[in-house]
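Chemist: No letters, just coordinates:
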């Protein structure tokens with residue numbers, strides 16, 4: 001009974017302790033780990049509320065703790081049960097590891113067992129091989145196939161741990177395979193890996209290298225395997241020449257034919273002409289001295305067990321001068337005027353020749369008619385008569401080569417055709433002269449000419465004249481030839497023309513192919529009337545010129561006279577004033593010169609009691625104090641002012657005219673003499689002070705009429 005009570009108490013205490021501390025659980029469980037051989041690795045295992053014991057198992061087998069091999073990584077009492085594996089070895093350590101923790105009490109069920117965590121001890125693969133799929137042999141260095149086939153290849157790697165990664169490479173570029181890599185674990189714990197590739201091949205893949213590369217963390221150096229492809233395909237040819245430039249006659253040339261094939265092919269040469277010509281079956285052919293016959297197209301073909309190549313052609317161009325093979329349609333052509341004419345020319349040459357059509361007129365003149373092999377004349381006329389030649393030219397060796405065909409003689413037949421460009425539509429002659437009306441035309445055969453001269457004299461009907469006929473003053477000559485073949489001139493002569501002959505003269509030309517008409521107007525000038533009109537025009541022109549000349553002369557002279565007169569007036573006035581100023585006083589032996597201020601005063605002086613008299617635009621006035629002085633020059637200064645003295649007499653005594661012997665014109669000279677009682681006068685030089693006072697007194701009584 002007591003034992004039961006003790007057991008119950010123990011269970012109660014354990015339950016209380018578990019309730020307080022909690023159940024055991026993993027904070028961190030073991031996970032996948034890799035380690036290189038000889039290295040160390042930690043398998044984690046951390047437990048919360050650890051109360052039991054920590055243990056480790058590998059592949060279901062318990063593993064104990066051994067120094068320098070298996071050791072605790074952390075403090076176990078604190079719940080860190082991590083395991084440190086040293087000196088890793090694939091034979092002992094590679095496998096699945098589990099961390100276990102016993103129950104905290106025999107009465108509890110909190111035992112912990114982790115999921116299996118794989119520890120991989122890395123081991124590099126032993127080898128790798130590329131082979132045809134299904135081939136169990138060790139493989140070969142070459143894999144054969146035909147162009148267009150699909151090769152099935154596989155890459156096998158053994159002994160790696162973990163399984164390696166395999167990749168395919170072709171010409172340095174990675175090839176993505178559509179199949180998943182197959183990895184199989186061996187009993188030793190190592191792996192066998194297989195990667196399969198299905199590769200379509202073509203002629204371009206021949207001799208290419210397929211490479212399988214192994215990727216593994218334990219590999220210090222690269223690991224891989226390669227194999228060459230031997231692809232069979234039919235031939236394909238290419239041709240070329242030893243000369244890139246055009247050949248001249250006498251040069252040498254070699255032609256090459258290269259056949260790309262597997263297995264090798266045989267080559268054959270042919271020249272393409274009207275019938276194919278076999279040349280040889282060597283890869284190269286040489287033509288030592290080429291001619292124009294060597295020019296043409298050369299074809300190369302190759303053949304092997306898989307088939308025949310497409311032919312390849314090369315042209316051999318030999319430069320040679322043009323050769324005209326044909327002109328036509330014939331060397332003698334009769335063409336009808338207005339119809340279409342076609343001339344053809346065929347020439348061979350290298351380079352391709354240029355064409356030129358020339359026409360030689362009967363006059364010897366040469367015209368260029370075209371630059372094409374065929375010359376098309378849409379509407380033939382008489383200008384196209386003559387010889388046509390075809391010229392062909394090209395450049396050979398830097399020099400121009402030219403050849404000319406035999407001439408083609410073209411004769412044009414048709415109705416008369418009058419040239420409107422070379423025939424005048426109007427003829428002007430003077431009365432009494434002979435008039436010759438000429439009309440140039442072309443026709444083949446020669447036509448009949450008929451001139452209509454209209455009614456002549458009193459005759460009412462129109463008169464027609466033919467070749468070599470005459471009616472009075474009207475003469476029709478025969479048709480005469482021009483420099484152009486089948487072209488003529490029809491003429492009508494009118495002797496001693498009269499104004500009544502002024503009218504149009506129609507010409508009709510007729511031959512078996514048709515007719516043509518043309519009218520020439522004759523204008524007769526009446527010379528008598530014309531002479532009178534001419535004289536009238538000349539006389540009128542002369543009179544007009546004379547009239548304008550007289551007007552111009554008159555205007556020029558009038559302007560010149562005015563300028564001379566004004567100049568004389570200015571010089572005369574200047575001379576008179578200077579003479580007046582330089583005169584000496586009569587009756588005085590000292591001959592004192594009159595100062596300028598004796599004659600002139602300013603308008604700003606005190607006004608005279610009498611009216612001022614203006615003589616010119618200068619507004620200068622007479623000086624009354626000079627009047628007595630003027631009279632006193634004769635020796636009587638005390639004489640009265642009975643006689644009216646003029647301004648000129650005051651300034652210039654009549655006896656001396658101020659030293660001038662010429663007679664002055666009576667005109668408004670604009671003399672700037674202004675008399676003022678406040679300026680020094682001429683009396684100052686003739687009288688003493690008493691005389692001056694008397695003179696001034698008298699001056700004040702002078703009648704103002706003297707100054708009007």
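Modeler: All right, it came through fine. Everything numeric in this text was worked out from a predicted model, so none of it was measured.
Chemist: Which secondary structure state is assigned to residue 380?
Modeler: Put simply, residue 380 is coil when judged by DSSP: H, G, I helix; E, B strand; the rest coil.
Chemist: I figured residue 126 hits residue 159, correct?
Modeler: Yes. Between residue 126 and residue 159 there is a contact at 3.4 Å, judged by Cβ atoms under 8 Å. (C-beta placed from N, C-alpha, C; glycine too.)
Chemist: what about the two, which has more around it?
Modeler: Neighbour comparison, residue 126 and residue 159: the larger count goes to residue 159, with 17 against 11 (by other Cβ atoms under 10 Å).
Chemist: List the contacts of the helix or strand hosting the more buried one.
Modeler: Under the criterion of DSSP states H and E, residue 159 resides in strand 150-160. Contacts of strand 150-160 with the rest of the structure, by Cβ atoms under 8 Å, 6 or more residues apart in numbering, involve 123-134, 143, 145, 164, 166, 168, 186, 190-201, 210, 212, 214, 216, 218, 223, 225, 227, 229.
Chemist: I'd like the mean pLDDT over that strand, please.
Modeler: Here strand 150-160 scores 92 as its mean pLDDT.
Chemist: So which bits of it are buried?
Modeler: Within strand 150-160, the residues that count as buried by 16 or more other Cβ atoms under 10 Å are 151, 153, 154, 155, 156, 157, 158, 159, 160.
Chemist: Can you name the next helix or strand after it?
Modeler: Remark: after strand 150-160, the chain's next helix or strand is strand 165-170, criterion DSSP H and E.
Chemist: could you give the angle of that next one to strand 150-160?
Modeler: For strand 165-170 against strand 150-160, the angle by axes from the mean of the first three to the mean of the last three Cα atoms, to 10 degrees is 140 degrees.
Chemist: quick one: strands adjacent to strand 165-170?
Modeler: Strand 165-170 has its sheet partners listed here by DSSP bridges as strand 173-175 (antiparallel), strand 209-215 (antiparallel).
Chemist: Specify the stretch among these that is closest to residue 557.
Modeler: Closest of the strands paired with strand 165-170 to residue 557 is strand 173-175, at 115.7 Å (criterion: Cβ to Cβ).
Chemist: separation between the closest residue to residue 95 other than its chain neighbours and residue 117?
Modeler: Spatially, and ignoring its direct neighbours in sequence, residue 95 is nearest to residue 59 (4.4 Å; Cβ to Cβ, 6 or more residues apart in numbering). Relative to residue 117, residue 59 is positioned 12 Å away (Cβ to Cβ, to the nearest Å).
Chemist: Find residues that contact each of the two.
Modeler: residue 96.
Chemist: Neighbour count for the two, which is higher?
Modeler: A direct count of neighbours by other Cβ under 10 Å for residue 59 and residue 117 places residue 117 higher, at 18 against 11.
Chemist: I'd say that one and residue 97 touch.
Modeler: Yes. Judged on Cβ under 8 Å, residue 117 makes contact with residue 97 at a distance of 5.4 Å.
Chemist: Please identify every residue contacting each of these two.
Modeler: Residues touching both residue 117 and residue 97 by Cβ under 8 Å, 6+ apart: 30, 43.
Chemist: Format the buried residues of strand 150-160 as a markdown table; extra columns: distance to residue 454.
Modeler: As requested, the buried residues of strand 150-160 are exported to a markdown table (distance: Cβ to Cβ, whole Å):
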| residue | distance to residue 454 |
| --- | --- |
| 151 | 111 |
| 153 | 115 |
| 154 | 120 |
| 155 | 120 |
| 156 | 125 |
| 157 | 126 |
| 158 | 131 |
| 159 | 134 |
| 160 | 131 |
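Chemist: wait, which of those is closest to residue 448?
Modeler: Nearest to residue 448, judged by Cβ to Cβ, of the buried residues of strand 150-160 is residue 151 at 99.7 Å.
Chemist: Show me what the closest one is bridged to.
Modeler: For residue 151, the beta-bridge partners under DSSP bridges are residue 199.
Chemist: Bridged to residue 266, which residues?
Modeler: Beta-bridge pairing for residue 266 (DSSP bridges): residue 303.
Chemist: ok, how many other residues are close to it?
Modeler: For residue 266, the tally of surrounding residues (other Cβ under 10 Å) stands at 13.
Chemist: Just the pLDDT for residue 141.
Modeler: pLDDT, residue 141: 86.
Chemist: Roughly how far does it sit from residue 81?
Modeler: Separation of residue 141 from residue 81 (Cβ to Cβ) stands at 56 Å.
Chemist: got it, and residue 507?
Modeler: For residue 507, the distance to residue 81 (Cβ to Cβ) stands at 142 Å.
Chemist: Between those two, point out the one with more neighbours.
Modeler: residue 81 (28 against 24).
Chemist: residues touching that one, list them.
Modeler: Contacts of residue 81 by Cβ under 8 Å, 6+ apart are 45, 46, 47, 50, 54, 72, 74, 99, 101.
Chemist: can we see that at 7 Å?
Modeler: 45, 47, 54, 99, 101 (Cβ atoms under 7 Å, 6 or more residues apart in numbering).
Chemist: So the residue nearest to residue 95 is in contact with residue 98, correct?
Modeler: No. Assessed by Cβ atoms under 7 Å, residue 59 is found out of contact with residue 98, at 9.2 Å.
Chemist: Would you map the helices across the stretch 51-200 of the chain?
Modeler: Along the stretch 51-200 of the chain, no stretch is classed among the helices by DSSP state H, counting those that start in this stretch.
Chemist: Now residue 537. Its backbone dihedrals?
Modeler: The phi/psi pair for residue 537 (degrees, to the nearest 10) reads phi -60, psi -40.
Chemist: What separation do you get for it and residue 108?
Modeler: Residue 537 is 159 Å from residue 108, where distance means Cβ to Cβ.
Chemist: now do residue 42
Modeler: The spacing between residue 42 and residue 108, counted by Cβ to Cβ, is 29 Å.
Chemist: Equivalent analysis for residue 185, please.
Modeler: From residue 185 to residue 108 the distance is 39 Å (Cβ to Cβ).
Chemist: More neighbours: which of those two?
Modeler: A count of neighbours by other Cβ under 10 Å puts residue 108 above the other of residue 185 and residue 108, at 16 against 12.
Chemist: and residue 325, how many residues sit next to it?
Modeler: By the measure other Cβ under 10 Å, the count of residues near residue 325 is 10.
Chemist: before we move on, what about residue 23?
Modeler: 14.
Chemist: Just confirm it is within a strand.
Modeler: No. Using three-state DSSP, the assignment for residue 23 is coil, not a strand.
Chemist: Without its sequence neighbours, what residue ends up closest to it?
Modeler: residue 110 (4.6 Å).
Chemist: May I have the phi/psi pair for residue 538?
Modeler: With angles defined as degrees, to the nearest 10, residue 538 sits at phi -60, psi -50.
Chemist: And it, how far from residue 525?
Modeler: 18 Å.
Chemist: Counting neighbours, go ahead and name the busier of those two.
Modeler: Neighbour count, other Cβ under 10 Å: between residue 538 and residue 525, residue 525 has more, with 14 against 10.
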